[in-house]
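*Asks:* generate a structure from the sequence data that follows.
(chains A and B)
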Amino acid sequence: MSRIFKFLIRVSSFLGKEMTEIFRQPRLILTLVLGPFLIMFLFGLGYPDQNRTLRTTFVTADPAGFQKEMNAFTESFNSKIFDYVIESEKELALAKLALNQTDLVIIVPDIPFETIKNNQQAEFLIYHNEVDPIQIGYIQSVARILVDEVNRQILQSMAEQGQADSGSLQIDLETAIAKTQMLRQAVPAGDVKTATQAADLEKDLTNVHENLATFRSLSSGILVSPFSAKVTGLSEVQVLTVTGFFAPAVIVLLLQHVSITFSSLSIVRETRSGIMELFRVAPIKAFETLVGKYLSYLFFETILAGVITALAVWLLRIPILGSLQDYALAVVVLLFTSLGVGFFISLISQTDTQAVQYSMLLMLASIFFSGFFLDLRLMKAPITFIAWSLPATYGIRMLQDIMLRGSSVPLLLFLGVAGIGIVLFLINWILLRRIMESRYS
Amino acid sequence: MKNNILAGNIVETQDLTKTFGGDIAVQSLNMQVPRGTIFGFVGPSGCGKTTTVRLLTGFYEPTSGTLSVLGKKPADFSDSDREKIGYLIQQFVLYPDLTVWENLNFAASFYGVGLFRWGRLNKLLDFVELAGDKNKLARDLSGGMKRRLSLAATLVHNPELLFLDEPTAGIDPILRRKFWDYFKELQADGHTLFITTQYVGEAAYCDLVGVMYGGKLLMIETPDGLRRKAYGGDVIGVRTNEAIRFEHRQQLESLPFVRGKVKIISDQEVEVIVDEADTAIQLLLEWCRAQKLTVEMMEQKSPPFDDVFIRIIETEIANE
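*Replies:* Residues are numbered from 1 along each chain as shown, chains lettered A, B, ... in the order given. A predicted model of the protein is given here:
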């Protein structure tokens, strides 16, 4: 029998054995598939698509006067960002904030116009009691919106005042123009110089009058906000639901976790059972063992990925704007690298429990560092090393690009995760050789 | 030794020593295992039997000394050399979630047995009497069935040399007997079996027996030779109709072919150790006639191997 044939037969030993063992655990497989979907479903239910209305307490020395301002403000703002009350005592408001009875306390500046006249900004002091960075970011955005809106209203009222004032100025101008015309007609014939001067003056005054008329005819709102913005995304999916946005990341985390969980137990179990002693005496090689194990788990998990994707597309209506081939390629490379991580855990673990603990830690790390929760661009440079060590970081970005932006497989990300996978395969091979092929001294 | 023993030694060691840190596990082991034999490796738990097997299979590297298995150092084994070796580990190491058939098929695969192997696997299952249980999960098998499955997995690639590390440990005497029947059949098929055991009585089934104690190989003998060495000769039991008195015993001990003290079994029965039982029986009959003692029974005794083993160990301890 040729060596290659024997090699293939030995590889097939693990291919068949591993698959049989996996499929013999139907409850585990069911839990692994349905559990995460339940989590996604609850996540979608529990995460509203609207902006959160903030329970806000405004603190001002003149509550009655401020209420009038707020009525006007609310009419123009037409938003449910604030569900507000007005207080006059700062300490009382801050105590309510500490007891979580209000979300925000906004201290209104006491003498804003005096402050502005002194060429200084009147400042709203905003207090919150949040630790969640997403919520803090939201509050900061709301604060910016509030200040912009107040500034806009003040500018608008100032512009209106300016227009009213310019009305009397226009009358004065019209009078001046009429007088200039009379002056021009009264100039004796032949006094060309004086007549020309009067004509020029009349012309200038007419121009000023016309410009002033144009200014008066403009809307004060346009004068204050001459530009507007319309935001458009490049993705064909213009409005993503929360579930839609998180679906690629959840699929990646799920596949990574399943791969790591299965493979992390595979070798440590065999080391513990004592069968490695048999392998060391038998002709089977570490390379054959590892290839068999990789193929077996890749086969099983590719099927699993197919089932999960089908459920995501048909049940949760998650779009895949890119090609299915690109999607499959990204998933397979993600699985390959995740298996490498799992086998590495299996090779360095002493017991099953240790392997499970490492897998759980990795899952936790992936949730926090893969960009699942927080955008990687917000992460500080040294920490991003952890992020880019995780297959999930690459997987999430690849699947988001393919599924939500319709891109092809991002080459750099693909090469990055494949590179990690290859390095892990080589490390795992060396470690397994040490167990299976070298003699204990 | 049986007639089918082939020429040459399949295993040879010279001053083979293995230490772990400062502890000596195997000390200056010298032995030759002829091809086609059943070589029993007997000794108490922790005496170095498993370490010796691991040295011979290449699992451990020797600290000093040389060894040759199948004509090579285990460190230099090629794949085809490894295919000639079958190794049964003490504990059950196959997969509990696979069936009997799947485990056997897996073992066949990792030894590189060809794909058309169903016939061989079925034959093996028949051999170990598990044909009716081939769809049972390994975790549902009894201890004895697990041992039989392990044996079948060890034989799946038809190895020339079998290392069986305590194959009968923890199983009932009937199954143990059956295992030795299997081993005899394997020997008849031309296999060489290197079997370790704590059950000293199993030495009787072997062609050669090595006795290990405290990491040292005390002796290698045939089972009969082992008895002779333990007792210093053959044991002959003598029972007469008359009482065997003190003067009779003194005279017996002074006979030239009698070794050591005469052991009193009862007033009318003693055990005598002689150089060679066949010749000594005739001489003893003549002596009894001369002493006017009527012989009721005179035969060569086979002391149980437990006693043989204990005598050997006691002698070793006394010598130390």
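*Asks:* for the residue in the stretch 201-320 of chain B positioned nearest to chain A, give me its contacts.
*Replies:* Nearest residue of the stretch 201-320 of chain B to chain A: residue B:215, at 17.3 Å (CB to the nearest CB). C-beta coordinates here come from the backbone N, C-alpha and C atoms, glycine included. Shown in contact with residue B:215 (CB atoms under 8 Å, 6 or more residues apart in numbering or on different chains): B:24-27, B:47-48.
*Asks:* repeat that for residue A:214.
*Replies:* By CB under 8 Å, 6+ apart, the contact list for residue A:214 is empty.
*Asks:* quick check, it in a helix?
*Replies:* Yes. The assignment for residue A:214 by DSSP: H, G, I helix; E, B strand; the rest coil puts it in a helix.
*Asks:* per-residue pLDDT, it?
*Replies:* The per-residue pLDDT reported for residue A:214 equals 74.
*Asks:* show me where the stretch 101-250 of chain A has strands.
*Replies:* In the stretch 101-250 of chain A, the strands defined using DSSP state E, counting those that start in this stretch lie at A:104-107, A:125-128.
*Asks:* quick one, which of those is packed in tightest?
*Replies:* Sort the strands of the stretch 101-250 of chain A by mean neighbour count, taking mean count of other CB atoms under 10 Å in any protein chain shown, and strand A:104-107 sits at the top with a mean of 22.
*Asks:* what lies in contact with that strand?
*Replies:* Here strand A:104-107 makes contact (CB under 8 Å, 6+ apart) with A:54-59, A:90, A:93-94, A:96-97, A:124-128, A:139, A:142, A:146.
*Asks:* residue nearest the centroid of the chain?
*Replies:* I went with chain A, as the question did not name one. residue A:375 (5.3 Å; CA atoms, centre = their mean).
*Asks:* sorry, should have said chain B
*Replies:* The centroid of chain B falls nearest to residue B:40 when counting by CA atoms, centre = their mean (2.2 Å).
*Asks:* so who does that residue touch?
*Replies:* Applying CB under 8 Å, 6+ apart, the residues near residue B:40 are B:195-197, B:202-203, B:205-206, B:208-210.
*Asks:* do the same with residue A:386
*Replies:* A:365, A:369.
*Asks:* and the pLDDT for it?
*Replies:* pLDDT at residue A:386 comes out at 85.
*Asks:* how far does whatever helix or strand it lives in sit from its chain's centre?
*Replies:* Assessed by DSSP states H and E, residue A:386 sits inside helix A:381-387. Mean-position distance between helix A:381-387 and its chain equals 18 Å (CA atoms, centre = their mean, to the nearest Å).
*Asks:* that one: what's the following helix or strand?
*Replies:* Note on helix A:381-387: by DSSP H and E, the next helix or strand toward the C-terminus is helix A:391-400.
*Asks:* for residue A:362, give me its contacts.
*Replies:* Residue A:362 neighbours (CB under 8 Å, 6+ apart): A:260, A:341, A:345, A:390.
*Asks:* where's residue B:80 relative to residue B:112, distance?
*Replies:* Here the criterion is CB to CB, to the nearest Å. By it, residue B:80 lies 10 Å from residue B:112.
*Asks:* close to chain A: what parts of the stretch 151-300 of chain B are there?
*Replies:* Taking CB under 8 Å from any CB of the partner chain as the criterion, the stretch 151-300 of chain B approaches chain A at residues residue B:163.
*Asks:* residue of the stretch 151-300 of chain B closest to chain A, please.
*Replies:* Ranked by CB to the nearest CB, the top residue of the stretch 151-300 of chain B for proximity to chain A is residue B:163, at 8.0 Å.
*Asks:* what pairs with that residue across the strands?
*Replies:* residue B:87, residue B:194 (DSSP bridges).
*Asks:* so it sits against residue B:84, correct?
*Replies:* No. Using CB atoms under 8 Å, residue B:163 is not in contact with residue B:84; the gap is 11.4 Å.
*Asks:* more neighbours, these two?
*Replies:* Taking other CB atoms under 10 Å in any protein chain shown, residue B:163 and residue B:84 do not tie; residue B:163 has more neighbours (27 against 19).
*Asks:* one step back: from the contacts of residue B:40, which land in strands?
*Replies:* Here DSSP state E is the test, and the contacts of residue B:40 give B:195-197, B:208-210 as lying in strands.
*Asks:* let's verify residue A:321: helix, strand, or coil?
*Replies:* Per three-state DSSP, the local secondary structure of residue A:321 is coil.
*Asks:* in space, what's closest to residue A:146 - neighbours in sequence excluded?
*Replies:* Closest residue in space to residue A:146, ignoring its immediate chain neighbours: residue A:124 at 6.8 Å, by CB to CB, 6 or more residues apart in numbering or on different chains.
*Asks:* next up, the contacts around the one you found.
*Replies:* A:106-109, A:143, A:146-147, A:150.
*Asks:* contacts only, for whichever residue of chain B sits closest to chain A.
*Replies:* Nearest residue of chain B to chain A, counting by CB to the nearest CB: residue B:109, 2.8 Å away. Residue B:109 makes contacts with A:9-10, A:12-14, A:16-17, as judged by CB under 8 Å, 6+ apart.
*Asks:* what helix or strand does it sit in?
*Replies:* Short version: residue B:109 belongs to helix B:100-110, going by DSSP H and E.
*Asks:* alpha carbons only: can I get that helix in PDB?
*Replies:* Presented in PDB, the C-alpha positions along helix B:100-110 are these (Å, rounded to 0.1, in the frame of the first residue of the first chain):
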ATOM      1  CA  VAL B 100     -17.500  -1.400  19.500                       C
ATOM      2  CA  TRP B 101     -17.400  -1.500  15.700                       C
ATOM      3  CA  GLU B 102     -16.600   2.300  15.400                       C
ATOM      4  CA  ASN B 103     -13.800   2.000  17.900                       C
ATOM      5  CA  LEU B 104     -12.300  -1.000  16.100                       C
ATOM      6  CA  ASN B 105     -12.700   0.800  12.800                       C
ATOM      7  CA  PHE B 106     -10.900   3.800  14.200                       C
ATOM      8  CA  ALA B 107      -8.100   1.700  15.400                       C
ATOM      9  CA  ALA B 108      -7.800   0.100  12.000                       C
ATOM     10  CA  SER B 109      -7.600   3.500  10.400                       C
ATOM     11  CA  PHE B 110      -4.900   4.900  12.600                       C
END
